[in-house]
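1. got a structure for you, letters missing:
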Ligand code: ATP
């Protein structure tokens, strides 16, 4: 495995006095994809929120060599961690292109921004066709693509994706994951993907971790996890 872009050791997290995460250890390789799988309420969303500094945590979180645990969310974003939350969170009254420009808010390189918008339209042709359309009028799949695109405008070192397949039709999910695969293969984008759609996520990922009640209960190469009989029965349905 190449050098990790993200190393997490002994991560714990709390909602007030209620502990939600218990001693998580995991990594994302630079240029690799790690997936966190688990049922509803296992703690997947909480893990991403902990990494982004949105809740109270303890333990170690390293972005390459930089400790980021305890930093403010905006500083973690500036250091290169882009978080695409479940439910997407695009600016619905703004156009596709305005959303992309907002994604580059922390950047000053106007030329680079224009280039990145062009590259994004190459990856997401549906967005290119709709560049002047209000985000709120896009389909669910297009809004998810826009949310991911806006995060890409940060030129992130690591992207956190919370259930990108949520609420989307199977064909759109396939289209979306094919684009994520291209971003990984062609741009070397490092991703941590939380999913309930285990088969799509395992297909994309290099490493997989299974979560249950705030703990990691199994980990390994995605292919190996995907062929485990218990995992197949519980998460893949065959
Ligand atoms: P889902 O797929 O349903 O989002 P998940 O694996 O992402 O599931 P989390 O949303 O991380 O699970 O929830 C983990 C645990 O933390 C659950 O027991 C949940 O009830 C609890 N929890 C989540 N958000 C809060 C909150 N704001 N306050 C208190 N407890 C919370």
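-> The structure has been received and is ready for your questions. Keep in mind the model is a prediction, meaning the values are calculated, not measured. Numbering: from 1, shown residues only.

2. list the buried residues of stretch 127-141.
-> 127, 130, 134, 135, 138, 141 (16 or more other C-beta atoms under 10 Å). The C-beta positions use only the backbone N, C-alpha and C, and glycine is treated the same way.

3. mind putting these into TSV with pLDDT and distance to residue 184?
-> Listed next are those as TSV, based on pLDDT from 0 to 100; distance: C-beta to C-beta, whole Å:
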residue	pLDDT	distance to residue 184
127	95	19
130	96	25
134	96	30
135	95	25
138	94	24
141	92	19
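
4. tell me who's in contact with the residue lying closest to residue 226 once chain neighbours are set aside.
-> Spatially, and ignoring its direct neighbours in sequence, residue 226 is nearest to residue 202 (4.1 Å; C-beta to C-beta, 6 or more residues apart in numbering). Applying C-beta atoms under 8 Å, 6 or more residues apart in numbering to residue 202 gives the contacts 35, 37, 208, 222, 223, 225, 226.

5. before we move on, which element is residue 202 in?
-> For residue 202, the host element (DSSP states H and E) is helix 198-204.

6. roughly how far out does that helix sit from the chain middle?
-> 13 Å (C-alpha atoms, centre = their mean, to the nearest Å).

7. which element is the most centrally placed residue in the chain on?
-> Centroid-nearest residue in the chain: residue 161, 1.8 Å away (criterion: C-alpha atoms, centre = their mean). Counting by DSSP H and E, the element that carries residue 161 is strand 158-162.

8. what's next to whichever strand or helix holds residue 98, contact-wise?
-> Per DSSP H and E: residue 98 is located in helix 96-103. Helix 96-103 is contacted from outside by 90-91, 94, 113, 117, 120, 127, 130-133, 135, 138, 146, 149-154, using C-beta under 8 Å, 6+ apart.

9. other SSEs contacting the longest helix along the chain?
-> Scanning the chain for the helix with the most residues, using DSSP state H, yields helix 170-187. On a contact count with 3 or more C-beta pairs under 8 Å, 6 or more residues apart in numbering; DSSP states H and E, helix 170-187 meets helix 110-123, helix 140-152, strand 191-195, helix 198-204.

10. to residue 41, which of these lies closest?
-> strand 191-195 (12.6 Å; C-beta to C-beta).

11. now the closest one against helix 140-152, angle please.
-> If you take axes from the mean of the first three to the mean of the last three C-alpha atoms, to 10 degrees, strand 191-195 sits at 150 degrees to helix 140-152.

12. so what secondary structure elements neighbour strand 191-195?
-> Counting by 3+ C-beta pairs under 8 Å, 6+ apart, strand 191-195 packs on strand 33-38, helix 44-51, strand 158-162, helix 170-187, helix 198-204.
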